[in-house]
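A.B. asks: Structure for this input, please:
(one chain, ligands or ions: 2)
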Amino acid sequence: MEIKTTDHRLMELIQLAKTVAQSKATILIQGESGTGKELMAKLIHESSTRNAKPFIAINCAAIPENLLESELFGYEKGAFTGAMNAKAGKFELAHGGTLLLDEISEMDIRLQAKLLRVIQEGEVDRIGGRKPIAVDVRIIATTNQKLADVVKADQFREDLYFRLNVVNLTIPALRDRGGDVEALAKQFGKDFADKNGKVFQGFSESAIRIIQGYSWPGNVRELENVIERAVITSQAGIISDRDIVIDRPSFHNLSDKMEMLSSSQAGWNPGQTLDKIEKSVILDALKYHNGNRTHTAKALGISIRTLRNKLADYRRDGLKV
Ligand SMILES: Nc1ncnc2c1ncn2[C@@H]1O[C@H](COP(=O)(O)OP(=O)(O)OP(=O)(O)O)[C@@H](O)[C@H]1O
Ligand SMILES: [Mg+2]
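C.D. replies: Ligands and ions are numbered 1, 2, ... in the order given. As a prediction, this is how the structure comes out:
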């Protein structure tokens, strides 16, 4: 598994990850869903001297609190009803290796205290255990929230935050990675074509426009899924706009949206000036692209400078854009 990118910021981040991999420092990886946080964690493990030892991942959001506690720290026989045998926790299993705590922001505040102790002391207490067990584990935590904000909201211990945030790697969203959308789309096109015994030559112009214009809230995972499907329905090696299906309940396909914009909203009603119509189209497009000016300008076929000037005009009229 390789982190593919053409974005310089992400390349530098990968370089930094490889460097810090050599230390035992705890690492916090932040980034939106699907940006490649787990991939990054695996890269760190693989690049470290711990790579012959286990890489263990646990998702703090997916497991109920009491179960998460016994999964992480283990338990002794008879520690609670149903504990027929002793069981080692993930910390012990990851001994010598790396433990990935996925979605750390979702960890219950009480468990956070216990986790902090393990990090500070380098030993775990099994539930019902009599003596602590020494563990040597590199911890990597991920979150798709800004953990500092969760601390501010009193949902996350500040002391634990500082312990985890020794090294911070924040992976940029796909939409902010310049040429990555197109480069990764092409790469996935090739990969999935190979896998499915199909040929891949490229994208039609309109397909590229849709890919470029979309904001990819699900990031690389979403792009990967969309391209996989597109490869399967593509004909003669070309992925066309019809093959690009963006499957989000709250999103229309961009082509539908464009059609909507051009047919219904751009129609004239009495009292409307061209300026007003333009303004409503621009604001709609901006909203559609989550406020991203680069994508909005591109989708509307105007320069960013023009867009900025128009938004500045609207601001002068008291609008918050
Ligand atoms: N730069 C990349 N190059 C190739 N594949 C990538 C890249 N980034 C992510 N992927 C792929 O996208 C998918 C999602 O990546 P990953 O699971 O690492 O994301 P994540 O940030 O952990 O997401 P989540 O927050 O939803 O857990 C995986 O299939 C992964 O292989
Ligand atoms: Mg993940």
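
A.B. asks: Distance check, the residue in the stretch 1-150 of the chain that ligand 2 sits nearest to against T294.
C.D. replies: With Cβ to the ion as the measure, the residue in the stretch 1-150 of the chain that lies nearest ligand 2 is E38; the distance is 4.0 Å. C-beta coordinates here come from the backbone N, C-alpha and C atoms, glycine included. Separation of E38 from T294 (Cβ to Cβ, to the nearest Å): 28 Å.

A.B. asks: Tell me which of those two has more neighbours.
C.D. replies: Relative neighbour count places E38 above the other of E38 and T294, with 17 against 14, counting by other Cβ atoms under 10 Å.

A.B. asks: that's a helix at the more buried one, yeah?
C.D. replies: Yes: when the secondary structure is assigned by DSSP: H, G, I helix; E, B strand; the rest coil, E38 falls within a helix.

A.B. asks: That one contacts E103, doesn't it?
C.D. replies: No: at 10.6 Å, E38 does not count as touching E103 under the criterion of Cβ atoms under 8 Å.

A.B. asks: where do the contact lists of these two overlap?
C.D. replies: Counting by Cβ atoms under 8 Å, 6 or more residues apart in numbering, the contacts common to E38 and E103 are T142.

A.B. asks: Near ligand 1, which residues of the stretch 1-150 of the chain are found?
C.D. replies: Listed as neighbours of ligand 1 in the stretch 1-150 of the chain under the rule Cβ under 6 Å from any ligand atom: 1, 3-5, 31, 33-39, 144.

A.B. asks: Between all of those residues, which two are separated the most?
C.D. replies: The most widely separated members of these are K4 and N144, with 20.3 Å between them, by Cβ to Cβ.

A.B. asks: neighbour-wise, which of those two wins?
C.D. replies: Higher neighbour count among K4 and N144: N144, with 19 against 15, using other Cβ under 10 Å.

A.B. asks: Where do the strands of the stretch 51-200 of the chain begin and end?
C.D. replies: Read by DSSP state E, counting those that start in this stretch, the stretch 51-200 of the chain holds these strands, from start to end of the chain: 55-59, 74-75, 87-88, 98-102, 123-124, 133-134, 138-143, 167-170.

A.B. asks: any idea which of those is most buried?
C.D. replies: Comparing the strands of the stretch 51-200 of the chain by mean neighbour count (mean count of other Cβ atoms under 10 Å), strand 138-143 ranks first with a mean of 25.

A.B. asks: what angle do it and strand 98-102 make?
C.D. replies: Taking axes from the mean of the first three to the mean of the last three Cα atoms, to 10 degrees, strand 138-143 and strand 98-102 form an angle of 20 degrees between their directions.

A.B. asks: Strand 138-143 close to ligand 2?
C.D. replies: No: Strand 138-143 does not reach ligand 2 (Cβ under 5 Å from the ion); its nearest approach is 5.8 Å.

A.B. asks: That strand pairs with which strands?
C.D. replies: Each strand that pairs with strand 138-143, with its direction, by DSSP bridges: strand 27-30 (parallel), strand 98-102 (parallel).

A.B. asks: Give the buried residues for stretch 48-68.
C.D. replies: By neighbour count, and taking 16 or more other Cβ atoms under 10 Å as the criterion, the buried residues in stretch 48-68 are S48, R50, K53, F55, I56, A57, I58, C60, I63, L68.

A.B. asks: do the same with stretch 13-25
C.D. replies: Judged by neighbour count using 16+ other Cβ under 10 Å, the buried positions of stretch 13-25 are L13, I14, A17, V20, A21.

A.B. asks: Dump those to a markdown table, plus pLDDT.
C.D. replies: What follows is the buried residues of stretch 13-25, written out as a markdown table (pLDDT from 0 to 100):
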| residue | pLDDT |
| --- | --- |
| L13 | 98 |
| I14 | 98 |
| A17 | 98 |
| V20 | 97 |
| A21 | 97 |
